[in-house]
Each structure stands twice: as C-alpha cells, then as structure tokens.
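Student: 3D model of this:
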Amino acid sequence: MPRIGLVFASGLHDFFNSGTWQVIRNLALLFVVIFWAATAYWVYKDARRRIEDPWLVVMATLLGAVVPFIGPLVYMLFRPPEYLQDVRERELEIKAMEERLARRDLHCPVCRAEVDPSFLVCPVCTTRLKQACSSCKAPLEALWQICPYCATPIEPTSTLELPPLPAPRRERRRASE
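Tutor: This is a model prediction of the structure:
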C-alpha cells in the first residue's frame, strides 16, 4: 500500500513540475485577468449609461477595477435602476401626455376633427360644440351659470325631443300579427 501512495505522490509531483501544468496555470491566469478586465470595462460602460455625474462614473469604474470580482457585484447592488436614456424618454412621454391633457377637448366628439376652443360649431361636420352667450355671443362652457365676458345669466338650453325608440323585434312581430 505505501508504494501506491508513493507512486501517486511522485506522479503528482512530476505533473506539477511539468511544462503542461505551467501552460494550464498560465492560461487559467490569463482567463482570470481577461475576465477581471471585462468586468471592470462592463462597470465603466454600465455606469456611463446610468450615472450622469462623471466623478461617480470614475468612482464606480475604480471600484470595479481595484476590487476584482467583488467590486462589480457591489456596483450591481447599488447602481441606479434605470438607464439615463430611459429616464429622459419617460420624462418626454410624461411631458407629451401633460400637453395632450392640457389640450384635452380640441377635437370634435363626432368626427374627431381638430377644433379651436373658441369654436361654437365643428367646421367639418357642423356638430354644435358650445352654446353662445345671448348677449355677447362668446362661447360658453356647459357648466357655466353666467357669462364671464359680459356677466349675462345663461339661459338653460332647451332639451331636444328625441323620437321614440323603435319597438324590439319580438313586439313588432306580435303587433303585426
């Protein structure tokens, strides 16, 4: 038995002192260095996309480069959650939505044509959009009780009489029988 242990130990000794082991060790070290440089470069590129302040980008890059493998993990835990470009796009979308809401009723409810807030009637489909003041003829909002331009009380609009709805089909058949 001791001979097998000596043979194994001498085989290990010969392997670790051979040129093959040195090549394997050097290749492994080369891959570790390349991976370390790649993680440091990744931290730099990601920090540039997420952080606006150049000093913080430098500090994050140094963290990723000086503390190998742990620095990028720490950076990943504390980096901003969004890219700067995504933040800018979201802010532009919000601004555009706010502008659309500010001009909310600038389309005809019937034909969707663009109308001016001062229009009384849609110029495309002639749908009545607003009531005119009986005194100064200014356009009035539906809920106003008095004209803000001339202080004339607003008369309630007369309700339109709609024709009666047709009877359902079953009742029409029974009525015709």
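
Student: could you point out where the protein is predicted with low confidence?
Tutor: Low-confidence segments of the chain (pLDDT under 70): 1-2, 5-7, 103-105, 157-177.

Student: Centre-most residue in it?
Tutor: When C-alpha atoms, centre = their mean is applied to the chain, the residue found nearest the centroid is Arg90 (4.9 Å).

Student: Could you say which helix or strand holds it?
Tutor: Per DSSP states H and E: Arg90 is located in helix 84-102.

Student: Equivalent analysis for Thr20, please.
Tutor: helix 19-50.

Student: could you say what helices and strands that helix packs with?
Tutor: Applying 3 or more C-beta pairs under 8 Å, 6 or more residues apart in numbering; DSSP states H and E, one finds that helix 19-50 makes contact with helix 54-66, helix 70-78, helix 84-102. Every C-beta, even on glycine, is put in place using the N, C-alpha and C of the backbone.

Student: 10 Å instead, please
Tutor: Applying 3 or more C-beta pairs under 10 Å, 6 or more residues apart in numbering; DSSP states H and E, we find helix 19-50 packed against helix 2-16, helix 54-66, helix 70-78, helix 84-102.

Student: Could you check the angle it makes with helix 2-16?
Tutor: When axes from the mean of the first three to the mean of the last three C-alpha atoms, to 10 degrees is applied, the directions of helix 19-50 and helix 2-16 differ by 50 degrees.

Student: Now for the closest residue to Gln131 other than its chain neighbours, how many residues are close by?
Tutor: Among residues not flanking Gln131 along the chain, Leu140 sits closest, at 5.0 Å (C-beta to C-beta, 6 or more residues apart in numbering). Neighbours of Leu140 under the rule other C-beta atoms under 10 Å: 22.

Student: Pretty sure Leu140 sits against Pro117.
Tutor: No. If you go by C-beta atoms under 10 Å, Leu140 and Pro117 don't touch, sitting 11.7 Å apart.

Student: how near is Leu56 to Tyr41?
Tutor: To Tyr41, Leu56 is 17 Å away according to C-beta to C-beta, to the nearest Å.

Student: And for Val110?
Tutor: For Val110 relative to Tyr41 (C-beta to C-beta), the value is 59 Å.

Student: With Pro72 instead?
Tutor: As judged by C-beta to C-beta, Pro72 and Tyr41 stand 10 Å apart.

Student: quick one, which of those two is more surrounded?
Tutor: Comparing Pro72 with Tyr41 by other C-beta under 10 Å, the one with more neighbours is Pro72, at 22 against 13.
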